[in-house]
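[1] Kindly return the folded structure for what I paste below:
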Amino acid sequence: MALADTLVTFGAMAAANSAVILADFCKTFLEFVAVFLSWWAIRRMARGSGGGFDYGLGKMEHLASLFVGVLMTACLLVIAGNAVRNILHPAHLAGIGIQISIAAQLVYVVINGVVARRCRRAAKQENSPLLEAQARLHFTRAAANAFILLSLAASIVLARFWWARYIDPAASLVIAGSILMAAMGIFSTSVGELLDRTLEEEDQILILRELARHFDGYEFLHGIRSRRSGPEAYIEILLEFAPEKKAGEIQAVAASLRRQIEAQIRNSHVTIGLAAGPDGAPGNG
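    Residues are numbered from 1 along each chain as shown. Have a look, this model is predicted:
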């Protein structure tokens with residue numbers, strides 16, 4: 001759909017002298033590249049890590065989301081520069097490309113609206129920043145389609161007025177502003193998520209509470225290490241068990257602790273390690 005939209009807007013741009021249609025083509029082409037990159041990233045993550053460490057998959061998702069923001073920033077610069085040029089040298093709209101663009105906007109405002117709603121629903125289910133970025137992108141596209149349609153219609157209907165020549169470039173600046181807001185949202189989310197950080201205080205308290213509930217199942221707590229990488233939380237707990245405990249009893253305690261923590265901390269992965277006692281006895285670690 002994005003490729004077809006790009007080809008249609010290119011045809012409309014070639015057959016018209018509209019600043020907003022030229023801006024629409026530049027924006028649509030950059031969005032096509034962004035959608036293609038996101039499609040590739042989603043397919044790569046769907047294949048999994050292939051048995052290797054999967055920490056990097058979350059990073060790749062945020063990098064793809066961040067690159068979408070970079071493309072949107074480039075789109076913003078192109079649209080803004082073109083709008084300024086047409087404000088300095090205004091002209092009335094002309095060419096069959098105007099009719100082509102109006103028809104395309106009517107079709108794609110519906111398509112992008114439906115896709116944005118589907119991506120928003122999927123993002124909530126999967127807790128995916130990439131899908132959230134796609135929802136923002138398609139919502140921005142739907143809003144831009146509607147706004148371009150209105151601006152073209154206004155430029156044609158009000159063509160007898162001298163100031164109508166400024167509707168076209170002014171509409172481009174409004175589109176640029178909407179893209180700026182969407183890009184800022186993507187940057188604020190993705191840049192922070194690319195940095196590993198510790199768990200929030202409430203999650204740390206939850207872990208300690210579960211350790212207290214299982215206190216009778218182990219001897220000593222040797223340490224807790226946790227970090228959040230993107231939407232995923234990785235928790236490592238090092239416990240010492242009594243030498244006389246059987247392997248099955250240790251496994252039951254570890255499984256119960258892991259299950260309780262993962263059920264309460266979303267997207268968490270808990271690892272229970274066995275620590276040796278002061279004498280280093282094999283039965284303790």
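
[2] Ser226 contacts Ile207, correct?
    Yes: between Ser226 and Ile207 a contact is recorded at 7.4 Å, counting by Cβ atoms under 8 Å. No exception for glycine: its C-beta is placed from N, CA and C like everyone else's.

[3] Pretty sure Ala164 sits against Ala153.
    No: contact between Ala164 and Ala153 fails when scored by Cβ under 8 Å: they sit 11.4 Å apart.

[4] The two: which is more packed in?
    For Ala164 versus Ala153, neighbours defined as other Cβ atoms under 10 Å are more numerous around Ala164 (17 against 14).

[5] would you list every one of the helices in the stretch 51-200 of the chain?
    Using DSSP state H, counting those that start in this stretch, the helices of the stretch 51-200 of the chain run over 55-88, 97-126, 129-157, 167-193.

[6] and of those helices, who's closest to Gly273?
    helix 55-88 (17.4 Å; Cβ to Cβ).

[7] can you list the weak-confidence ranges in the chain?
    The chain contains residues with pLDDT under 70 at 38, 41, 45-65, 91-92, 130, 182-183, 185-199, 229-231, 276-285.

[8] Domain-wise, how is it divided?
    For the chain, automatic domain parsing gives the domain ranges 2-193, 201-284.

[9] winner for burial among those domains?
    Ranked by mean neighbour count under mean count of other Cβ atoms under 10 Å, the domains of the chain are led by domain 2-193, which reaches a mean of 18.

[10] can you give me how far that domain is from the chain middle?
    Averaged C-alpha coordinates place domain 2-193 at 15 Å from its chain's average position (Cα atoms, centre = their mean, to the nearest Å).

[11] Show the backbone phi and psi for Gly95.
    The phi and psi values for Gly95, taken as degrees, to the nearest 10, are phi 110, psi 150.

[12] what residues are up against the residue nearest to it when sequence neighbours are not counted?
    Closest residue to Gly95 apart from its sequence neighbours, by Cβ to Cβ, 6 or more residues apart in numbering: Ala16 at 3.8 Å. If a contact means Cβ atoms under 8 Å, 6 or more residues apart in numbering, then Ala16 has Leu93, Ala94, Gly95, Ile96, Gly97, Ile98, Ile100, Ser101 as its contacts.

[13] Format those as a markdown table; extra columns: distance to Arg259.
    Listed next are these as a markdown table, based on distance: Cβ to Cβ, whole Å:
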| residue | distance to Arg259 |
| --- | --- |
| Leu93 | 64 |
| Ala94 | 68 |
| Gly95 | 66 |
| Ile96 | 65 |
| Gly97 | 61 |
| Ile98 | 62 |
| Ile100 | 59 |
| Ser101 | 57 |
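
[14] ok, so of those residues, who is nearest Ile21?
    Ser101 (5.0 Å).

[15] Nearest residue to the closest one in space, ignoring adjacent ones along the chain?
    Distances taken as Cβ to Cβ, 6+ apart put Ala12 closest to Ser101, at 4.0 Å, once the chain neighbours are dropped.
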